[in-house]
Each structure stands twice: as C-alpha cells, then as structure tokens.
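>>> what's the 3D shape of this:
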Amino acid sequence: MQYISHYRSPIGDILLAADAAGLTGLWFQGQTYFARCLDREHEEKEIPLFGQAKHWLDIYFSGREPDFTVPLHFTGTDFQKEVWEILRTVPYGQTTTYGEIAKQLAARKGLSRMSAQAVGGAVGHNPISIIVPCHRVVGANGSLTGYAGGIDKKIKLLQLEQADISAFFVPKKSAL
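Numbers count the residues shown, from 1 in each chain. Modelled structure (predicted):
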C-alpha cells in the first residue's frame, strides 16, 4: 500500500508518496511524469516517514544541507536505479553532467562507454526529486536542461544550494 502527503515548498507544492519500505515519490505539482509510479489505490495518511521527509525538506529549503537521509524505495528498471544511486552521490551545491554519470556507470559495469542520452532518460524519470538530486545534472555544454519540475525550479534549487551557475545557460528549447 502506498500513502501520500502534501508539502508546501517555497517554490511550489509537492506530493510525497511512500510505502512500508521508504519514500517512493516526490514530485512538484504538475511536473512532467507527475506521480508516474503512484499506485492507483493509495491512501492519504501522515505516516512517520513523511514527518522525516518533511523535516529533511524544511532543512533543505532553509538553505542548509540536511545531515541525515530518508529511507528510499526506488521503483524503476535496474538501469534507472543504478543512475539514481549515482545521483545520490552528487554533492550538495555541486553539479555534474550526463556524460560524467555515463562514465561512472560504464566504469562500474566494466564497459568502454555508456550512452549519456540513456542516462538522461533515467535522470529525467527520477521519481524522488530533490532528495535524489537530479537538478544537479547539467549538459556538457553548460546547458540547464532536462529537469522535469521545470528549468525555473532547477535554477532556484541550484541557487538555494549556492552552486556556481554563472557559466550555465537556459537552452532556447528544453528537453523537458
């Protein structure tokens, strides 16, 4: 059984979803792939895990890096889960590229290369926004592209973390 709860962030309303194993979703209201992995039958209920997740978000939106983790339960392909685990290692206030993640994944698998485009697809389908920081991934050319919550939110999240975004730009046509 999945449960849902709502959180009002300074940059938009958020829907949280969880099951007995951990947080399964964190989406900005109306974002691309909104509630994609939410079970048809779910219940709105304040379970203890939501208290943890909301505390984490309160700290995060106050401009500080939370010093604890929230239990997560990924729903996706093995490839997606591997990409999402790499996303969790991108440090607060820093960015990486789709290509760098592809290189890390290729090295883990003993491959000579991995498709940055395939990585981009997995990053774009990340169901646990912010806590799994897909907003910290940028294009190799400095393009702020590919955030399901919207480029404006990606910029605000990076600014909140005091990431240096001076060399980045918003593409004329975004991938998401």
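
>>> Least confident secondary structure element in the chain?
strand 42-44 (a mean of 89; mean pLDDT, DSSP states H and E).

>>> What lies in contact with it?
M1, Q2, Y3, I4, S5, A17 (CB atoms under 8 Å, 6 or more residues apart in numbering). Where C-beta positions appear, they are placed from N, C-alpha and C, glycine not excepted.

>>> at 10 Å instead, please
Residues outside strand 42-44 that contact it (CB atoms under 10 Å, 6 or more residues apart in numbering) are M1, Q2, Y3, I4, S5, H6, A17, A18, D19, T24, A35.

>>> So which of the residues you listed is the closest to R88?
T24 (15.1 Å; CB to CB).

>>> quick one: the strands in this structure?
Using DSSP state E, the strands of the chain run over 2-9, 12-18, 23-28, 42-44, 96-97, 137-138.

>>> quick one, which of these is packed in tightest?
strand 137-138 (a mean of 26; mean count of other CB atoms under 10 Å).

>>> what helices or strands is that strand leaning on?
Judged by 3 or more CB pairs under 10 Å, 6 or more residues apart in numbering; DSSP states H and E, the packing partners of strand 137-138 are helix 78-87, strand 96-97, helix 98-109, helix 116-124, helix 151-160.

>>> Including distance to V137 and mean pLDDT, could these go into JSON lines?
Putting the helices and strands packed on strand 137-138 into JSON lines (distance: least, CB to CB, whole Å; pLDDT from 0 to 100) gives the following:
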{"stretch": "helix 78-87", "distance to V137": "7", "mean pLDDT": "97"}
{"stretch": "strand 96-97", "distance to V137": "6", "mean pLDDT": "96"}
{"stretch": "helix 98-109", "distance to V137": "6", "mean pLDDT": "96"}
{"stretch": "helix 116-124", "distance to V137": "5", "mean pLDDT": "94"}
{"stretch": "helix 151-160", "distance to V137": "9", "mean pLDDT": "96"}
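
>>> Fine by me, we can end here.
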